[in-house]
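Visitor: give me a 3D structure for the following:
(chains A and B)
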Amino acid sequence: MERWAGAPASPGVAVGRAAVWRPAAAPALPDGAAGPGGPADPARELERFRAAAAAVARELAELEQTMAPRVGEAEAALFGAQALLAESPSLEDGVARRVLAGAGAAAAVLGAGDELAAEMDGLADAYLRQRAGDVRQVAARIAEELSGRPAGPILPFPDTILFAHDLSPAALARLDLARLRGLACAAGGATSHTAILARGLGVPAVLGLGPVVEQVAPGVTVALDGEAGTVVVAPDAATLDACAEQARRQAAGATALADLKDLPATTADGARTLALLANLGHPREAAAALAAGAAGVGLFRTEFLFLDRPDLPDEDEQYEAYRAMLAAMAPRPVVLRTLDVGGDKPLPALGLEPEPNPMLGCRGIRLWLEREDLAVPQLRAMLRAAAAGHLHILLPMVTTLDEVRRARALVEQVQAGLGAAAGPYRLGIMVEVPAAALQAASLAALVDFISIGTNDLTQYTLAVDRQQERLADLYQFLHPAVLRLVELTVAAGRAAGIPVAVCGEAAADPRAIPVLLGLGVDELSVPPAALPRVKALVRSTDYTAARAAARRRLDGQ
Amino acid sequence: MALEQTVAVGNPTGFHLRSVKKLIELVRGLDATVTLAANGKTAAVRDPMRLLTLGATHGCPVTVRAEGPAAAAALAAVVHFLEEDRT
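Guide: Purely as a prediction, here's the structure:
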């Protein structure tokens, strides 16, 4: 028995048989040198590199699309970032220098990647040092593409624990997860992109083990603990027993959560049932929301259509996205939030002036009502898409009754302009400014539903910037003042006969959920990955106990 | 005429790979050549690997230099991004 320690990169215990992946080294001579054409032509080698780099960039960009529903937007974005690296001018410069000196394209890209990575290895910041790993992985993938070798490792056993010097997120994404129990690498660390993806996929992983991984004998039994960061080769019976016990507990927990998918979010005493919905940022996340058992989409952020581009999306582009979202979830409700930007989120196409105090500036509905070139196409696209599903329109950052009246008038005007092309809708507001909560009774009479945005409501009520690390202790959703505003809003909704949802981070926070339940909110909207956990918590909570907990919190106890 | 301004990186997690991606997309449509200089090194904004080798962490001063017809707009956008990005 031998025990190695590395970086705990993705939690979970796995026992399986070892397989070692050693990608073949790239030839140092021009790849075509041995052929009948004689020595390779530098111009041709550079052209081959460009084609291979473009192919790898395309492949990574596709992976970003296909992996998003499996691991989430943020995790999938790392493929997009690696795609960008594949087409770096500095990588091409390095390759050009090397092929002119007689190297083949594959060797040249490995050399150029190493040179750039070595520069990053020397940086003081740990995060940036880890990016050297991304550069080496991208260069290695391009070299593979050039030599026509298979893109990744083969998993020989149904219970393979894969040992490799390094494994790129792209290679990990392509593996058959039914045969992969765990991953052990010499390179990488807990903040490497391979670690992030392994966590997203639920593959236990230990990284940064060093060259020792090459010593493992193929086929030998291995126990890997991704939480402790240890790998035990040829474990004894006691170690195996402990692992089996831990694996059983993990499996029981996972099954219990999966079994919840089709059960209602009813409290343990049966006194109250909540609707659990998903917060989404892109139509392609609909699959993840449905798989997690979402009763609908409680918050769809339309910003993705507008960010990172120099122009505004036109009505038809927006229509396609909204229609896709509504159709994917039909007949469940989908809450589309109107564009929520301002001085705090730069949008090149709007030419917004930076504001001295953007959080108190022209953002959300304030900007939207000012800019008909923004509001009208967005509303036309939403109302046209309404026929595909069950449309709710949500207005962010509402402060006054007049804003809601003006927004409703605008919606009705757009609806009249569209005639039969406009589908049915409901109109609601976000309560995230204390002024809106304090006027909730008057506002509730003007709208069809209310959604409480706890992040902004907390920072505006307590006058705390949530990005300010020094004030982290003050930023508390469970502060009695914030909860009083939630209580007022819920009471207003009930009196008006309209539902009140919570869509901020508090809705997925295990400490806040019993309090929200006790305050009487009707719906919680959370990231798809949090849905099973939130449901399990609601189902194990007594409504009467939750009411008592909420009472105590309101009194500041 | 080249425009220049020095700002501190506002992102608490530094100028990392996803920020690099956003920055490149931000200036892609603009008719301007933008370079960043930090820690004695210079990188063109269209070159992600070079941008990473700048080693620009939170609070690090970065000099933004923009040239071309849209230099003023590009400079303002990049300066604002470096200060406000929280990706």
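Visitor: now for the helix or strand in which A:Arg553 is found, which elements pack on it?
Guide: A:Arg553 belongs to helix A:543-554 when assigned by DSSP states H and E. Applying 3 or more Cβ pairs under 8 Å, 6 or more residues apart in numbering or on different chains; DSSP states H and E, we find helix A:543-554 packed against helix A:480-496, helix A:513-519. All C-beta atoms are positioned from the backbone trio N, CA, C, and that covers glycine.
Visitor: pull out the buried residues from stretch A:244-264.
Guide: A:246-247, A:250, A:260 (16 or more other Cβ atoms under 10 Å in any protein chain shown).
Visitor: what's in contact with the least confident helix or strand in chain B by mean pLDDT?
Guide: Lowest on mean pLDDT, DSSP states H and E among the helices and strands of chain B sits helix B:17-28, with a mean of 86. Helix B:17-28 is touched from outside by A:77-78, A:80-81, A:84-85, A:131, A:134, A:308-310, A:346, A:348, B:11, B:34, B:45-46, B:48, B:51-52, B:74, B:77-78, B:81-82, B:85, B:87, with contacts defined as Cβ atoms under 8 Å, 6 or more residues apart in numbering or on different chains.
Visitor: any residues of chain B in contact with chain A? List them.
Guide: B:12-14, B:16-18, B:20-22, B:24-26, B:28-30, B:44, B:46-50, B:52-53, B:55, B:57, B:76-77, B:80-81, B:84, B:86 (Cβ under 8 Å from any Cβ of the partner chain).
Visitor: for A:Leu78, give me its contacts.
Guide: By Cβ under 8 Å, 6+ apart, A:Leu78 lies in contact with A:169, A:193, A:196-197, B:17-18.
Visitor: how about residue 2, nearest residue that isn't a chain neighbour?
Guide: Going with chain A. Once flanking residues are discounted, A:Glu2 sits nearest to A:Val233: 4.5 Å by Cβ to Cβ, 6 or more residues apart in numbering or on different chains.
Visitor: that answer is for a different chain, and I need it for chain B
Guide: Counting by Cβ to Cβ, 6+ apart, the residue nearest B:Ala2 is B:Glu67, at 4.6 Å.
Visitor: now A:Ala496
Guide: A:Ala444 (3.8 Å).
Visitor: A:Ala441: neighbour count?
Guide: 14 (other Cβ atoms under 10 Å in any protein chain shown).
Visitor: picking that back up, closest to A:Asp176 out of the helices and strands packed on helix A:543-554?
Guide: Proximity to A:Asp176, assessed across the helices and strands packed on helix A:543-554 by Cβ to Cβ, is greatest for helix A:513-519 (36.7 Å).
Visitor: which SSE is the spatially closest residue to A:Arg98 that is not a sequence neighbour in?
Guide: Closest residue to A:Arg98 apart from its sequence neighbours, by Cβ to Cβ, 6+ apart: A:Ala108 at 3.6 Å. Using DSSP H and E, A:Ala108 sits in helix A:105-121.
Visitor: so what touches that helix?
Guide: For helix A:105-121, contacts defined as Cβ under 8 Å, 6+ apart pick out A:26-31, A:45-46, A:48-49, A:52-53, A:88, A:90-91, A:93-95, A:97-99, A:103, A:128-129, A:131-133, A:135-136, A:138-140, A:142-143, A:146-147, B:49, B:52-53, B:55.
Visitor: can you map out the strands along the stretch 51-200 of chain A?
Guide: Listed in chain order, the strands of the stretch 51-200 of chain A (DSSP state E, counting those that start in this stretch) span residues A:160-164, A:180-185.
Visitor: gap between the residue nearest to A:Glu2 and B:Leu51?
Guide: 41 Å (Cβ to Cβ, to the nearest Å).
Visitor: and the residue of chain B closest to chain A?
Guide: Here the residue of chain B nearest chain A is B:Gly29; by Cβ to the nearest Cβ that distance is 3.0 Å.
Visitor: how close does the residue nearest to A:Val500 when sequence neighbours are not counted sit to A:Leu438?
Guide: Spatial nearest neighbour of A:Val500, chain neighbours left out: A:Gly493 (3.7 Å); criterion: Cβ to Cβ, 6+ apart. To A:Leu438, A:Gly493 is 14 Å away according to Cβ to Cβ.
Visitor: who has more neighbours, these two?
Guide: A side-by-side neighbour count of A:Gly493 and A:Leu438, using other Cβ under 10 Å, places A:Gly493 first with 25 against 16.
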